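> below are the sequence and a predicted model; questions follow.
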Amino acid sequence: MYVPAHFAPGGAEVADLLTNHGAADLVTSTARGMIATLLPFVHDPGAGERGSLLGHVARNNDQWREPAIGDALVIVRGPDFYVSPTWYPSKAEHGRAVPTWNYVTAHVYGRLVVHDDPAWLASLVRRLTEKHEGRRAKPWTVEDAPARFVEGQLRAIVGVEVVIDRVEAKFKLNQNRSRADVDGVVAGLTAEGDESGVRAMREGNGG
């Protein structure tokens, strides 16, 4: 990934993205060619030297059966949004402005490990559920479903773990522009109701 110095995030920002992202693309190179699946993951910082990303695929998904050639890649995304040059105050001064796309992403590379074990899967499903239900007023839990039904659902999936070898991350949030232009982008996103974009811009540019 091409990452200019002003778009390179710190370790804490990357860890936050890996912990709090939504779903991500698992990409593997196989003898059949490239295979990709969109999955929710849980970041386990205690697994391996750099941690692991844990998820699951449908048992009928051939990706887990096809041996990966080299590292697996997980493409993790944060907010992304279009930036109009009309939002830059500097455009009115000299006109030297063009549209761009801002985004937060990380490319996570590592060894793919398959887990076809009910106990491992049951633990993972609970962790995924807690991650995404935990903030709700009345969170759903695995115990809300009949045990035999849950057992059947677990038999229909297979666990995948990417043991992280390296992470390449890029937080492109107009850090290369003036404070006035950054504020202009925040104002433009606010007018369009893009709360996640506003939050990303403020966090990426020191508030």
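Sure, I can see it. Residues are numbered from 1 along each chain as shown.
> tell me the helices and strands packed up against the helix or strand hosting residue 19.
Assessed by DSSP states H and E, residue 19 sits inside helix 11-20. Judged by 3 or more Cβ pairs under 8 Å, 6 or more residues apart in numbering; DSSP states H and E, the packing partners of helix 11-20 are strand 42-44, strand 72-83, strand 100-115, strand 157-172. Glycine gets a C-beta too; all of them are placed from N, C-alpha and C.
> can you pull the buried residues of that helix?
Residues of helix 11-20 classed as buried: 13, 14, 15, 16, 17, 18 (neighbour count, 16 or more other Cβ atoms under 10 Å).
> ok, then the element right after that helix?
For helix 11-20, the succeeding helix or strand toward the C-terminus, using DSSP H and E, is strand 23-30.
> what lies in contact with that next one?
Here strand 23-30 makes contact (Cβ atoms under 8 Å, 6 or more residues apart in numbering) with 34-41, 53, 55, 57, 63, 66-70, 72-77, 108, 112, 160, 162.
> related to what we said a few turns ago, adding pLDDT and distance to residue 193, write the buried residues of helix 11-20 out as a markdown table.
Formatted as a markdown table, the buried residues of helix 11-20 follow (pLDDT from 0 to 100; distance: Cβ to Cβ, whole Å):
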| residue | pLDDT | distance to residue 193 |
| --- | --- | --- |
| 13 | 95 | 25 |
| 14 | 95 | 28 |
| 15 | 94 | 29 |
| 16 | 95 | 24 |
| 17 | 96 | 23 |
| 18 | 96 | 27 |
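> and of those, the nearest to residue 171?
residue 13 (6.4 Å; Cβ to Cβ).
> let me know the pLDDT of the nearest residue to the closest one once chain neighbours are set aside.
Nearest non-adjacent residue to residue 13, counting by Cβ to Cβ, 6 or more residues apart in numbering: residue 171, 6.4 Å away. pLDDT, residue 171: 98.
> likewise residue 187?
Model confidence at residue 187, given as pLDDT, is 97.
> with residue 196 instead?
pLDDT at residue 196 comes out at 95.
> quick one, phi/psi of it?
In terms of degrees, to the nearest 10, the main-chain angles of residue 196 are phi -70, psi -40.
> which residue packs closest to it, ignoring adjacent ones?
Looking at residue 196 with Cβ to Cβ, 6+ apart, the closest residue is residue 79, at 4.2 Å.
> for that neighbour, what are its contacts?
102, 103, 104, 196, 197, 199, 200.
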